[in-house]
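Undergrad: Sequence and predicted structure are below.
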Amino acid sequence: MTRMKLRHVTEVSDDLQVQSLLEKARKESVSTAFDRADEMMQCGFGSAGVCCRYCLEGPCRISPNGKGPQKGVCGADIHQIVARSFLNHLTQGTSGHAEHGREVALTLLEAAEGKAPFEIKDVDKLYAVANDLGLETADKTVNEIAKEVALKALEDFQKQTGIMNWVQMRAHKDSLKKWNDLRITPVNAHLEISKAVARNAMGCDADPLNLVLGAVTMGLVDGYAGLHLSTDLQDILFGTPKAVKAKYSMAVLDEKKVNIAVHGHVPMLSEKVVEWSRKLKPEAEKVGAEGVNIVGVCCTGNELLMRQGVSVASSFSSQELVIVSGALEAMVVDIQCVMPGIQNVAECYHTEIITTLPYVKIAGATHVEFSPEIADKAAEEIVRKAIKNFKNRDPEKLSIPKETVDAYAGFSTEQILEALSKLNADDPLMPLIDAIKAGKIRGVAALVGCTNPREKQDIGNVTVAKELLKNNVLVVATGCAAHSLAKNKLMSPEGLVYCGDELREVLEAIGQAVGLPSLPPALHMGSCVDNSRPADLLTALANKLGVGIKDLPAVGSCPETHSPKALSIGTFFIAHGVDVHVGVNPQVSGSSVVTNILCGDKQEGTVTAEEVFGGKLIYETDHIVAAEKLLERINMKRAQLLGE
Ligand code: BF8
Ligand code: SF4
């Protein structure tokens, strides 16, 4: 096979540590996602979303330029095929988050019943959620209440009528009315996912608009059964995050310690791995190490960072390079965004890849089965395996980058409100609202989602964030986007130089009220399921102002999208009327109809997301132009809201 020309390392990432580890990988003939992305030819049909493989009459593909057959064998046209392919992406993204929520609900149930070794860490949040669910709490023990909350959560995967409990509890009333009017409000997560798969099959739903509305239902399932439900229950189980200082970059690996990377998304196992890494320090010392060092990768990293201040080594696209350091004794993975490629990379070093879930295994990897009841046993076994592997480290292959970056994280909605309460104890939202009204804060932007090996790492996330900050937009961040911003000093007061003067004054005033020099320019709100937190903040702001979420000067941006989960999250926000930018092709361009529904403006005779919900999808690959478009939308909403 002819090798495609690989990008120079400086074209892959601006991160010098990533560049040097990629160089090392290439020298050692180790294949990584960055190089595989260069070698992979992109299919034009797939890119436009016009290829259908839903039945064995096909595969069928329609050429968007009008040449060749314009209908599949069954008669499906290009718009029907693209709409189904969009719904398929959304269903896939949503099912991952819904499974996450269900696993956490089961863990809470087992903890409450005394079957799993977890305690309720945030009793106040438990009471708050129980009250919001309308549960009676008087004369009940904490565990009794936790059990009822867990059962309410599990109803959201079972009930056959009505609407999901978490939608009822968390949705803004105007948004909910809209969804009810459109008859797209989800009943239960599994029912909706199953229905989406069924309607997408050959011979079923063939109306592009109806299919896109089905995708919006998936977005709502994602938002409530995935994001909100997971965040609420994880906060109850593991604690609601508070401001915390931590370190970022590949340099968080420690030459003197046994290094374990925790990777994936669901925090149940990784919380226990942290616990056992402390307990087994004496065992690590016996093999000549100074202890056990846990580092985070992807959203498991975000979860541990937010609650325990665990340092973060890598976002999605450079996950394999953590292994290339030669310093990693074990990489423990649970679910989602775990590249199968890590096993091949690990085989070139001494790293042991340990899978933990029965339905997420990697051929060649070690498997240590995890379930909540045996959480301690599994975590202990994993940490012991890593300690045992320390002796196999090859000093010749060792290359740990040197400099870490300080970052503040832990900005849950509760933490933000607590900080604001230092300025106005009776009405904590008012300082924020006053700043927005006065134009000191032009609007709020959530920088969310991924890094993508096809894209130059971090550059999209950082450029969009800096442009918005410069224009006095308050930036919050989650997921791997948060990783990009943290590495580039946007989560420490050092990054204040990137803010407009007015925004900087507001951040300093709030920060100083809580004893810090300033709040950081970008507030880290957590993992991808924690996109519930910016949604909660927007709901609180809208309620306070007596308007809908669609009326707020708020936007979302995912410049380096890789995962369908990001499309699900984006659709969840669009359903609230929030404009959402993606910087990577969402694979709908083959259909003018679907593209217009998602991205079009209000236009007579056509139905668009903007017209129905008040927000739209913005696809823009130029990061500066993307920021300009987002600012334009913020200014438009400000004009409508404040009469500017
Ligand atoms: O859920 S941001 S690359 S790790 S999908 Fe994956 Fe994207 Fe990272 Fe977290 Ni979210
Ligand atoms: Fe072709 Fe229709 Fe089957 Fe798709 S569903 S593969 S368009 S025949």
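TA: Structure received. Ligands and ions are numbered 1, 2, ... in the order given.
Undergrad: Distance-wise, check the residue of the chain positioned farthest from its centre relative to ligand 1.
TA: The outermost residue of the chain, judged by C-alpha distance from the chain's mean C-alpha position using CA atoms, centre = their mean, is residue 68 at 39.8 Å. Residue 68 sits at a distance of 35 Å from ligand 1 (criterion: CB to the nearest ligand atom, to the nearest Å). Where you see a C-beta, it was placed from the backbone N, CA and C, and this is true even at glycine.
Undergrad: One more: residue 132?
TA: Using CB to the nearest ligand atom, we find residue 132 at a distance of 25 Å from ligand 1.
Undergrad: Which element, helix or strand, includes the residue farthest from the centre of the chain?
TA: Secondary structure from DSSP states H and E places residue 68 outside every helix and strand.
Undergrad: Is the host helix or strand of residue 269 in proximity to ligand 1?
TA: Using DSSP H and E, residue 269 falls within helix 267-279. No - no part of helix 267-279 sits close enough to ligand 1 to count as contact by CB under 6 Å from any ligand atom; the gap is at least 11.9 Å.
Undergrad: out of everything not next to it in sequence, what's closest to the residue farthest from the centre of the chain?
TA: In space, residue 68 comes closest to residue 62 once its chain neighbours are excluded; the distance is 7.6 Å by CB to CB, 6 or more residues apart in numbering.
Undergrad: burial measure for the one you found, as a count.
TA: Look at residue 62: counted by other CB atoms under 10 Å, it has 27 neighbours.
Undergrad: Equivalent analysis for residue 276, please.
TA: Applying the criterion other CB under 10 Å, we find 23 residues in the vicinity of residue 276.
Undergrad: I'd guessed it sits against residue 377; true?
TA: No - the pair formed by residue 276 and residue 377 falls short of the contact definition of CB atoms under 8 Å, at 9.9 Å.
Undergrad: Can you give me the buried ones in stretch 246-258?
TA: By neighbour count, and taking 16 or more other CB atoms under 10 Å as the criterion, the buried residues in stretch 246-258 are 246, 247, 248, 249, 250, 251, 252, 253, 254, 257, 258.
Undergrad: quick one on the thing from earlier: what packs against the helix or strand following the helix holding residue 269?
TA: Next helix or strand after helix 267-279 toward the C-terminus (DSSP H and E): helix 281-286. Contacts of helix 281-286 with other secondary structure elements, assessed using 3 or more CB pairs under 8 Å, 6 or more residues apart in numbering; DSSP states H and E, are made with helix 375-389.
Undergrad: Could you check how far stretch 206-217 is from the centre of its chain?
TA: Averaging C-alpha coordinates over stretch 206-217 and over its chain gives two centres that are 24 Å apart (CA atoms, centre = their mean, to the nearest Å).
Undergrad: Check which residues of it are buried.
TA: Judged by neighbour count (16+ other CB under 10 Å), stretch 206-217 contains these buried residues: 206, 208, 211, 212, 213, 214, 215, 216, 217.
Undergrad: ditto for stretch 288-307
TA: Taking 16+ other CB under 10 Å as the neighbour-count basis, stretch 288-307 is seen to contain the buried residues 289, 291-307.
Undergrad: what does stretch 470-481 give?
TA: Along stretch 470-481, the positions that meet the burial threshold by neighbour count (16+ other CB under 10 Å) are 471, 472, 473, 474, 475, 476, 477, 478, 479, 480, 481.
Undergrad: count of neighbours near residue 170?
TA: 22.
Undergrad: Actually, residue 60.
TA: By the measure other CB under 10 Å, the count of residues near residue 60 is 19.
Undergrad: now residue 418
TA: Residue neighbour count, defined by other CB under 10 Å, stands at 14 for residue 418.
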